[in-house]
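*Asks:* Sequence and predicted structure below; questions after.
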Amino acid sequence: MATTAPLLSAAARRCSRSASAVVRRQVIDSHNLTLDGCAAFREMPRANFSSSEAFEAVGHRWRIRWYPNGEEEIGWLARDGYTSLFLELDNDYRTTGPVDFRFSLLDHAGCPSRATVWLRHVFSSDDRGSDRWKCQGFHYFMKWEDIQKSGCLKDDRFTVRCDISSVKWMETDETADAGDGTAAPVAQRVVVPPSNLHAHLSDLLWKKQGVDVAIDVAGETFEAHGWLLKARAPVLEAELLAATKEKEKAPGGGARRRMEIEGMEAKVFKAMLHFVYTDRLPEMGERETVAMAQGLLAAAHRYKIERLKLMCEEMLCKRINVNTVAATMVVAEEHGCHNLKAACLEFIGRPGNAKAVMASEGFEKVKASCLPLMMELVVMKKLA
C-alpha cells in the first residue's frame, strides 16, 4: 500500500476542471451596393428591378433587389416617384431563425445619411414551393427627389448599405486551471472582423488622395496612384511610362504623369481600375453583366491581369444562352480563353441549339468578325 500512495497523490495533482457554455451572440454583417447610371435607371418601367451580385452575410447568401420606379404587388398601392428596395435570400431554402435587416443611404464619406427601420423576418419558401417569402423589404424606400436632395447622389451614382443581423447560439469551452500550474484555454471573447482593406483602397481611389497619374479614356479622365498600378497592373504602368514624355503639375502640387488609352470604353476602364484597387468587381445590373464582362475580359487580357480575366470567364460561362453564346465565343477565341470556348461549343452542340444560335440576333452581329468560328457553327448545325 505504501507504494501506491505517491501515485494517487500525483494523479490528484494532474486532475483538471473544465466547463462549457452555450453563448447567445448577435452577428451583424453589412454589404454596400453602388447604383451607377441613375439617369438610365429612372427610365425603367415600374416593377422592373436590378439585382446585386450574391454576397455572404450571417451564414447565408443574399442579393439586394432595387426597383428604380417601385414594385407593384397585391395589397400595395403604387406611389409615383418612389423607389423600392428588398433583401432576397439566395439559394438557401430558409434561414435558421429570424433575421433583422435595414437599408441606409450613404453620404460621400460612407456614413449613413438616412436609414430605414429594422425589419425582422424568417426568410423561407412556403409549403407550395413559392419563393415570395424569400424576398422582403421596403416598397416605399425613398423618393427620387429625396435622394437628390440628400446630397448623396453624385456623378449619377449613389450607395446603399444593407445591415443584416442574426442571433447565433455558440458553444464555447472554458477550461479552468489544469491543476499543474499551466494556463488553461478560455472561451474566445475577441472576434476579429473581416478585412476591409478593399474599402479603404476604394476610398483612396475615388477620393483622389495623393494621385500622381491621369489616364484619359474615351473622353473621361481617371486619376490614380502610380505606385499601386506598378504593384497590381505592371503592364499598364509600363505602358504609362512609355507613353509619358513630360510630367504635368498635379492639383495638390508635385508632378503628374498623363496618358491616353484607345480602344476601350470608359466604363470598362473604370471597372478595371476598381478591381486593380480592391481585387473586387463593382456592382453591376444583370442586364449589363455580359457586355461588361466581355469588355473587362479584353482589358484584363491586354494588361495581363489574370485573376480578373478568370473572373470574367466565370461570369460569362454562367450566362451562356442562345443570344450571348456567339459573341462570347468570339471573345474567348480572341483572348485565348480555351475553357470558355469549350463551354460555348458544348452549349451549341446540344440538340437544336446550333440552329437557334444561327437564327439569333447575337449571331448576326458577330458572324462577319470571326469567320473560322462561324464555319465551326455551320458544321455543327449540319451535324445536329
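*Replies:* Structure's in. What do you need?
*Asks:* all helices in the stretch 101-250 of the chain, in order from the N-terminus.
*Replies:* Using DSSP state H, counting those that start in this stretch, the helices found in the stretch 101-250 of the chain span residues 144-149, 197-206, 226-232, 234-243.
*Asks:* which one of these lies closest to Ser52?
*Replies:* Among these, the nearest to Ser52 by Cβ to Cβ is helix 197-206 (16.0 Å). For every residue, glycine as well, the C-beta is placed using N, CA and C.
*Asks:* What lies in contact with the closest one?
*Replies:* Contact with helix 197-206 is made by 32, 110, 209-210, 224-225, 228, 273-274, 277-280, as judged by Cβ atoms under 8 Å, 6 or more residues apart in numbering.
*Asks:* For Cys337, find the nearest of the helices of the stretch 101-250 of the chain.
*Replies:* Using Cβ to Cβ, the helices of the stretch 101-250 of the chain put helix 234-243 closest to Cys337, at 17.9 Å.
*Asks:* Pull the closest one out as CSV, backbone CA atoms only.
*Replies:* Only the C-alpha atoms of helix 234-243 are listed here, as CSV (Å, rounded to 0.1, in the frame of the first residue of the first chain):
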residue,chain,number,x,y,z
PRO,A,234,2.6,46.4,-64.1
VAL,A,235,1.8,46.2,-67.9
LEU,A,236,-0.4,49.3,-67.5
GLU,A,237,2.3,51.0,-65.5
ALA,A,238,4.9,50.2,-68.2
GLU,A,239,2.6,51.5,-70.9
LEU,A,240,2.1,54.6,-68.9
LEU,A,241,5.9,55.1,-68.6
ALA,A,242,6.4,54.5,-72.3
ALA,A,243,3.7,57.0,-73.3
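*Asks:* Val211 - how many residues pack around it?
*Replies:* Number of residues near Val211 (other Cβ atoms under 10 Å) recorded here: 20.
*Asks:* Please name the nearest non-neighbouring residue to it.
*Replies:* Using Cβ to Cβ, 6 or more residues apart in numbering and skipping residues adjacent in sequence, the residue nearest Val211 is Glu223, 4.0 Å away.
*Asks:* could you give me the average pLDDT of the helix or strand containing Val27?
*Replies:* Per DSSP states H and E: Val27 is located in strand 18-36. The average pLDDT within strand 18-36 is 76.
*Asks:* now stretch 154-162
*Replies:* The average pLDDT within stretch 154-162 is 90.
*Asks:* ok, back up a step: mind putting the contacts of helix 197-206 into a markdown table with distance to Glu333 and neighbour count?
*Replies:* Shown next, in a markdown table, are the contacts of helix 197-206 (distance: Cβ to Cβ, whole Å; neighbours: other Cβ atoms under 10 Å):
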| residue | distance to Glu333 | neighbour count |
| --- | --- | --- |
| Asn32 | 36 | 17 |
| Gly110 | 42 | 12 |
| Gln209 | 41 | 11 |
| Gly210 | 41 | 12 |
| Ala224 | 31 | 23 |
| His225 | 35 | 20 |
| Leu228 | 32 | 18 |
| Leu273 | 26 | 24 |
| His274 | 27 | 20 |
| Tyr277 | 30 | 22 |
| Thr278 | 30 | 18 |
| Asp279 | 28 | 14 |
| Arg280 | 28 | 14 |
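*Asks:* outside of the longest helix anywhere in the chain, which residues touch it?
*Replies:* Taking DSSP state H as the criterion, the chain has its longest helix at helix 286-302. Helix 286-302 has contacts (Cβ under 8 Å, 6+ apart) with 50-51, 235, 264-265, 267-269, 271-272, 275, 281, 284, 305-306, 308-309, 312-313, 315-316, 319, 324, 327-328, 331, 334-337.
*Asks:* Tell me the helices and strands packed up against the next helix or strand along the chain from that helix.
*Replies:* The element immediately downstream of helix 286-302 (helix or strand, assigned by DSSP H and E) is helix 306-318. If contacts are counted by 3 or more Cβ pairs under 8 Å, 6 or more residues apart in numbering; DSSP states H and E, helix 306-318 sits against helix 286-302, helix 325-334, helix 338-348.
*Asks:* for those helices, which one ends up most surrounded?
*Replies:* Most buried of those, by mean neighbour count (mean count of other Cβ atoms under 10 Å): helix 325-334, with a mean of 23.
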